[in-house]
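J.: please find the sequence and the predicted model below.
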Amino acid sequence: MPSEVSRLNDPASIVQKLWNYCNVLRDDGVSYGDYVEQLTYLLFLKMADEQTWPPYNRLSIIPLDKDGNELDWPSLIEKDGDALENHYRHILTELARADGMLGVIFRKSQNKIQDPAKLKRIIYLINEETWMGMDIDVKGEIYEGLLQKNAEDVKGGAGQYFTPRPLIKAMVEVMQPKPDMTICDPACGTGGFFLAAHKYLSENYKLDRKQKEFLRFNTFTGTDIVDGVVRLCAMNLYLHGIGGDESPVTVGDSLISDPGDRFDMVLTNPPFGKKSSVTIVNDEGKADKESLTYEREDFWATTSNKQLNFLQHIKTLLKINGSAAVVLPDNVLFEGGAGETIRKKLLDEADAHTLLRLPTGIFYAQGVKANVLFFDRKPASEHPWTEKLWIYDLRTNKHFTLKKNPLRFEDLQDFITCYNPKNRHDRKETERFKSFAYDELMQRDKVSLDIFWLRDESLEESENLPEPDVIAAEITENLEAALEQFASIYEEIAPNEDGAAEEYEYVTQTD
């Protein structure tokens, strides 16, 4: 029977209530990421059960096991002690074999909460709320709040899958997706780009029934290489009313081949770290790492630099005249060899019209100096498609930190104005917004797009120095970036030796 809809319909309060209990589980070795994962399993079961209540009256999507035993929420809440733990483990094992959304949510699922009493407490916390009775925005905000708290656990590494939401919103604002467009994110993380595009389309257009169905079931396609992240993404989309029995996101290595599908728009923030590598276990049981390159006929150049590979992959994914906005680290702007080849090809065969230089201190993953590149794919032509590259510098004399001075949407408002999304062909230069002609770019050493022109005031006048914590954060960012470069150099010299910086590896996974 359904319980009364909770009066506590305040997302922040529910997030805090759920999150407070995580601190108890930390003593048992349950990480923030494990906790959010367990909440995801249980929350999905609870909502699936609520859909069988009036006024929905749907058939349960949770199957029986091969012996006819129930695997649903009521079968879970009626148990205690060891019987509860055993049944919960059985549910996870059985649902991991399912197809569609169920299979994505429960893929490779495991029980990380060994104490039955504490598992019972989490079940009770979730059972207190009637989730289907909540507004979609409330449910979505609760889950996004949990994902953000998980991202803030820097040691857990979840932050690398969490792009700052103000940045995502600004990117969507200037890209202006339209109804019936198809949108892809080949490194979807927890689904931030999809949610922002979904909100933009819902708020800026009066969609008819057919358009609403397309938005829910056909607009978005995503991939990520990490099982747990795809699970979080699928649940995030599900809570926001995106997708149905089939999941819009799948697990896989996006770079392995051309998927064949083409999209109107690509919005993405590929994983940080330069090197692609594969882990190989030799006959002695020792794990070695080897550089991973992708031999693809649709690529302009062969390289183990995964951001350069993602840039080429995004070009392939776009329909002719399709548009892309992609977050890329600085090395993509200046690296020689394959990098130079790819930049030349991009300027020639696409309209690479805008580059946003991002400030440091805005990503949970440390050591990141990044940019957003905006370009449109174009048909074959004898003449270069890029006439001008407009660069907006949001980095020089800008100081942000994750806690005390986080990036806000308002900080990106001037960029949006300068971009002029209503007519980007009618732009005006400002102090932070300059244009560079194709011929000028081609004459630069290695066709480098690493261009600055503003005077850094902090280097010249002591009065302009930022606060000590900001200086410390920037020093940390610079040291992390330097370590990442040293790690990539070390891997080039000794690719099979132990000790390479594994946190920057992009490891292919096989079942």
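T.: Looks like it arrived, so ask away. Computed from a prediction, not measured in an experiment: that's the story for all the values here.
J.: list the contacts for the closest residue to Thr219 other than its chain neighbours?
T.: Nearest residue to Thr219, sequence neighbours excluded (CB to CB, 6 or more residues apart in numbering): Ile183, at 5.6 Å. Where you see a C-beta, it was placed from the backbone N, CA and C, and this is true even at glycine. Taking CB atoms under 8 Å, 6 or more residues apart in numbering, we find Ile183 in contact with 177, 193-194, 197, 219-221, 263-267.
J.: make CSV from those and add pLDDT and secondary structure to it.
T.: Output for the contacts of Ile183, formatted as CSV (pLDDT from 0 to 100; DSSP: H, G, I helix; E, B strand; the rest coil):
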residue, pLDDT, secondary structure
Pro177, 98, coil
Phe193, 97, helix
Phe194, 97, helix
Ala197, 98, helix
Thr219, 98, coil
Phe220, 98, strand
Thr221, 98, strand
Phe263, 98, strand
Asp264, 98, strand
Met265, 98, strand
Val266, 98, strand
Leu267, 98, strand
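J.: which of the residues you listed lies closest to Val251?
T.: Thr221 (13.3 Å; CB to CB).
J.: if I look at that closest one, how far off is Val249?
T.: Distance from Thr221 to Val249, counting by CB to CB, to the nearest Å: 8 Å.
J.: these two: who's more crowded?
T.: Val249 (28 against 20; other CB atoms under 10 Å).
J.: the residue nearest to that one when sequence neighbours are not counted: which element?
T.: In space, and not counting its chain neighbours, Val249 is closest to Gly222: 3.9 Å by CB to CB, 6+ apart. Gly222 is part of strand 220-224, with elements assigned from DSSP states H and E.
J.: can you show me the strands along the stretch 151-300 of the chain?
T.: 183-185, 220-224, 249-251, 263-268, 277-281, 287-291 (DSSP state E, counting those that start in this stretch).
J.: pick out the shakiest of those, pLDDT-wise.
T.: The weakest mean pLDDT among the strands of the stretch 151-300 of the chain belongs to strand 277-281, with a mean of 44.
J.: so where do the helices sit in the stretch 151-300 of the chain?
T.: 165-175, 192-204, 209-217, 227-239 (DSSP state H, counting those that start in this stretch).
J.: so which of these comes closest to Asp67?
T.: When the helices of the stretch 151-300 of the chain are compared (using CB to CB), the closest one is helix 227-239, at 26.5 Å.
J.: just the buried residues of the closest one, please?
T.: Neighbour counts over helix 227-239 (16 or more other CB atoms under 10 Å) mark 228-239 as buried.
J.: quick one, that helix and strand 220-224 angle?
T.: Relative orientation of helix 227-239 versus strand 220-224 (axes from the mean of the first three to the mean of the last three CA atoms, to 10 degrees): 160 degrees.
J.: how near is the spatially most central residue of the chain to Leu333?
T.: Nearest residue to the geometric centre of the chain (CA atoms, centre = their mean): Gly189, 2.9 Å. Gly189 sits 22 Å away from Leu333, taking CB to CB as the criterion.
J.: got it, and Asp298?
T.: From Asp298 across to Leu333, the span is 23 Å (CB to CB).
J.: okay, these two: which has more neighbours?
T.: Leu333 (20 against 11).
J.: need the pLDDT of that one.
T.: 96.
J.: make sure it is indeed in a helix.
T.: Yes. Judged by DSSP: H, G, I helix; E, B strand; the rest coil, Leu333 forms part of a helix.
J.: pretty sure it is touching Lys369, no?
T.: No. Using CB atoms under 8 Å, Leu333 makes no contact with Lys369, being 9.7 Å away.
J.: where's Asp28 relative to Asn269, distance?
T.: Taken as CB to CB, the span from Asp28 to Asn269 is 33 Å.
J.: higher neighbour count, the two?
T.: More neighbours surround Asn269 than the other of Asp28 and Asn269, with 27 against 12 (other CB under 10 Å).
J.: just say helix, strand or coil for Asp376.
T.: The three-state label given to Asp376 by three-state DSSP is strand.
J.: quick one, what contacts it?
T.: Contact analysis of Asp376 by CB under 8 Å, 6+ apart lists 318, 321-324, 350-351, 353, 385.
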